[in-house]
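S.K.: next come a sequence and a model predicted from it.
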Amino acid sequence: MTVSPSRAPRADWTRNHEQLLAAAREVVTRDGAEASLEEIARRAGVGSATLHRHFPSRRALLDEVFHHGITELCARAEHIAARADSRTALNRWLEDLAAYATETRGLAEALATDTPPVGGCHGLIRRTAAHLLDAATAAGTLTQPVDLDDLLTLTNAVSLAAGGDPHRARRVFRIVAAGL
């Protein structure tokens with residue numbers, strides 16, 4: 001359910017939304033992206049219809065659960081790019097993404113869908129990666145042409161293969177990046 005920008009949400013709407021998000025963070029952290037929506041609603045003390053009014057899809061719920069961390073991760077790209085050459089900046093940020101997706105249970109699975117949306121977490125990640133990739137390509141620092149979708153798929157595959165170990169994700173990504 002969206003709230004009109006000209007009208008503040010009702011107190012019960014805000015309370016339910018916050019309770020749903022808190023419950024979702026807890027359950028997704030434990031069970032991953034396929035966490036039970038019914039359990040999330042139950043833990044929040046609301047019915048499943050209320051959950052669906054706030055979050056019309058699992059994707060919408062996961063986007064909000066992961067939004068803060070992804071926003072911070074994407075903001076770090078500017079700092080990395082200001083301190084390193086374009087290829088190094090791209091590699092460091094993708095390594096950070098692989099590690100973050102590995103340690104944030106459910107994120108790698110949520111990002112592995114066939115049809116990523118333009119907005120939300122997927123959109124933030126895509127725009128950040130595209131900016132860094134474009135800079136590296138323009139500088140001629142990549143040894144071969146690289147497709148954005150392939151690069152993000154590869155990074156996500158590293159996250160999934162790391163089995164919850166962000167240090168392993170970083171090691172494996174460095175091996176992969178050596179080929180870029």
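M.R.: Received the coordinates, thanks. Numbering: from 1, shown residues only.
S.K.: now do the domain split for this protein, please.
M.R.: For the chain, automatic domain parsing gives the domain ranges 11-56, 60-177.
S.K.: by mean pLDDT, flag the weakest helix or strand of the chain.
M.R.: helix 107-111 (a mean of 83; mean pLDDT, DSSP states H and E).
S.K.: for that one, packing partners?
M.R.: helix 58-83, helix 86-103, helix 120-139, helix 148-161 (3 or more C-beta pairs under 8 Å, 6 or more residues apart in numbering; DSSP states H and E). C-betas here are computed from N, CA, C, even on glycine.
S.K.: most tightly packed of these?
M.R.: helix 86-103 (a mean of 23; mean count of other C-beta atoms under 10 Å).
S.K.: what packs against that one?
M.R.: With contacts defined as 3+ C-beta pairs under 8 Å, 6+ apart, helix 86-103 has these neighbours: helix 58-83, helix 107-111, helix 120-139, helix 148-161, helix 166-177.
S.K.: excluding sequence neighbours, find me the nearest residue to residue 141.
M.R.: residue 87 (3.6 Å; C-beta to C-beta, 6 or more residues apart in numbering).
S.K.: could you check how far the one you found is from residue 135?
M.R.: Between residue 87 and residue 135 the computed distance is 9 Å (C-beta to C-beta, to the nearest Å).
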